[in-house]
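J.: no sequence on hand, only this structure:
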């Protein structure tokens, strides 16, 4: 059935041209998941669970700030749960009607105005259970769990979402949390306006999670001819192939309203209870059911996820293949989530690594610059020290000449006065004598003042240049702390391109000049 296509249209269900859907499908006994799993597949699931738990632990270590991490933990838990089917579409596409038709009773409100403002997870409630469970439980803001006595919910949980065109921020967040967990996405479109702008935008979101999507074109009874139906199906299939990059998208035409009408007439009206969605023997006689094409849709969904048994209890090759597809989807869902999160973590780590490498490059550039600064400062400081040494050497030379001149025999009176002291001096010091006075004039000759001036100039020079460097690096680091700062990049490029040269020019002292 799923491979049937109309001429020239890839992936369009043969139900489009069929016009009849008197299909009788009975739910096999036991859980659908258990039915698909044997001992060898159990070990495969166990192996996958171990791998996923390792991935989750790794992600928690390398990307603990990632908001989507709970999605992977939930996906691991859901490996043992029933299938999760998420229903999306615009509010006027008839999502609630389609879900009601699947369940066999008008459980959800529907109408021409938006009525689904919350997300509802529909689960099975055994009507014969001694322990009555609340029908409606609020789990979070905007998220409810509803338990309903519908046979289909024994095999799958259905998530009813707000319309893609009226989603508020919290509903959008919740909807986007459930799409990654879905084993199957039913995208309900209205035949009179398929693939609106909001639906196209949501399809682009679904694409990143690589979900299996079945396009349900509802309200085909509004179209007058079969050619119009095929035209709409071709349009949806073509755009789905382009947006989701699929070779053979599943596009199924239905009338949810006609199907629900038939089921209500056969269920609530005739039997007084909820009609089992798959026990459609009563439905074949209903004109509205035959026109709804809903039987083919139900058979496709159930065979795709679970597969069906033949009359002898064995599975046909096509059903077995489709049943394998259902198990594959169940195993694939957490793997796709893990793959998407690992890719997101890789991108984030690459970005952090690039930033760290930029920091190391900047640090290396600063190191080279400081080495150059140190060399320039040492060279200039050596010139200043040489000036001081020259002053001292000149004073020593003058002192030697002064001593030679003073110790000459022709200068005996001055020498005696220097040795025994001047008689005119009250404290006996020689500073007031001719030798002392001459020594101050001829030897010292302002050397102390020149040395003091040179040291003060050196201190000022050292302070100025070091402060210039310090201010530059403070500015550089401040700019680097600003996200997306272009000036920080420019400064770093300046440092790197100059191979460590000092951005603020080292001020030369008067001595080096």
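T.: In hand now; what should we look at? Quantities reported herein were computed from a predicted structural model and do not represent experimental measurements.

J.: strands of the stretch 351-500 of the chain, residue ranges please.
T.: Counting by DSSP state E, counting those that start in this stretch, no segments of the stretch 351-500 of the chain form strands.

J.: mind showing which ranges of it have poor pLDDT?
T.: Low-confidence segments of the stretch 351-500 of the chain (pLDDT under 70): 409-435, 482-500.

J.: wait, a strand at residue 147?
T.: Yes. Residue 147 forms part of a strand when assessed by DSSP: H, G, I helix; E, B strand; the rest coil.

J.: what is the burial count for the residue nearest to it when sequence neighbours are not counted?
T.: Spatially, and ignoring its direct neighbours in sequence, residue 147 is nearest to residue 125 (3.5 Å; CB to CB, 6 or more residues apart in numbering). Heads up, the C-betas are built off the backbone N, CA and C, glycines and all. Burial of residue 125 is recorded as 16 neighbouring residues (other CB atoms under 10 Å).

J.: residue contacts, residue 125?
T.: Contact partners of residue 125, counting by CB atoms under 8 Å, 6 or more residues apart in numbering, are 133, 135, 147-149, 153.

J.: of those, buried ones?
T.: 147-149, 153 (16 or more other CB atoms under 10 Å).

J.: if we can go back for a sec, in a markdown table, list the contacts of residue 125 along with pLDDT and distance to residue 265.
T.: Shown next, in a markdown table, are those (pLDDT from 0 to 100; distance: CB to CB, whole Å):
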| residue | pLDDT | distance to residue 265 |
| --- | --- | --- |
| 133 | 64 | 29 |
| 135 | 78 | 24 |
| 147 | 90 | 25 |
| 148 | 89 | 20 |
| 149 | 86 | 19 |
| 153 | 87 | 22 |
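
J.: among these, which one lies nearest to residue 72?
T.: residue 153 (25.3 Å; CB to CB).

J.: verify the stated contact: that closest one with residue 127.
T.: No. At 11.6 Å, residue 153 does not count as touching residue 127 under the criterion of CB atoms under 8 Å.

J.: returning to what we had before: columns distance to residue 201 on top of the buried ones among the contacts of residue 125, output as JSON lines?
T.: Shown next, in JSON lines, are these (distance: CB to CB, whole Å):
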{"residue": "147", "distance to residue 201": "33"}
{"residue": "148", "distance to residue 201": "31"}
{"residue": "149", "distance to residue 201": "36"}
{"residue": "153", "distance to residue 201": "30"}
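
J.: can you pull out the helices in the stretch 1-150 of the chain?
T.: For the stretch 1-150 of the chain, the helices defined by DSSP state H, counting those that start in this stretch cover 15-18, 32-36, 39-62, 69-77, 95-103.

J.: and what of the stretch 251-400 of the chain?
T.: 256-266, 287-292, 294-305, 317-406.

J.: between those helices, which one is closest to residue 42.
T.: Of those, nearest to residue 42 by CB to CB is helix 317-406, at 11.3 Å.

J.: okay, the helices of the stretch 1-150 of the chain, which one's buried deepest?
T.: Most buried of those by mean neighbour count (mean count of other CB atoms under 10 Å) is helix 95-103; its value is a mean of 26.

J.: tell me the angle of that one relative to helix 294-305?
T.: Relative orientation of helix 95-103 and helix 294-305, computed by axes from the mean of the first three to the mean of the last three CA atoms, to 10 degrees: 80 degrees.

J.: residues near the nearest residue in space to residue 348 that is not next to it in sequence, how many?
T.: Spatial nearest neighbour of residue 348, chain neighbours left out: residue 63 (5.9 Å); criterion: CB to CB, 6+ apart. Other residues near residue 63 come to 19 when the count uses other CB under 10 Å.

J.: renumber starting at 590 from here on
T.: Sure, I'll start numbering at 590, so the last one becomes residue 652.

J.: tell me the pLDDT of residue 652.
T.: Note on residue 652: pLDDT of 86.

J.: report the contact partners of it.
T.: 658, 933-934, 937-938 are the contacts of residue 652 under CB under 8 Å, 6+ apart.

J.: and which of these is nearest residue 966?
T.: Using CB to CB, those come closest to residue 966 at residue 938, 40.8 Å.

J.: who's in contact with the closest one?
T.: With CB under 8 Å, 6+ apart, residue 938 has these contacts: 651-652.

J.: and it, how far is that from residue 950?
T.: 18 Å (CB to CB, to the nearest Å).

J.: where's residue 804, which helix or strand?
T.: With secondary structure defined by DSSP states H and E, residue 804 is part of strand 802-807.

J.: for the stretch 690-839 of the chain, which residues score under the pLDDT cut-off?
T.: Low-confidence segments of the stretch 690-839 of the chain (pLDDT under 70): 700-706, 719-723, 754-764.
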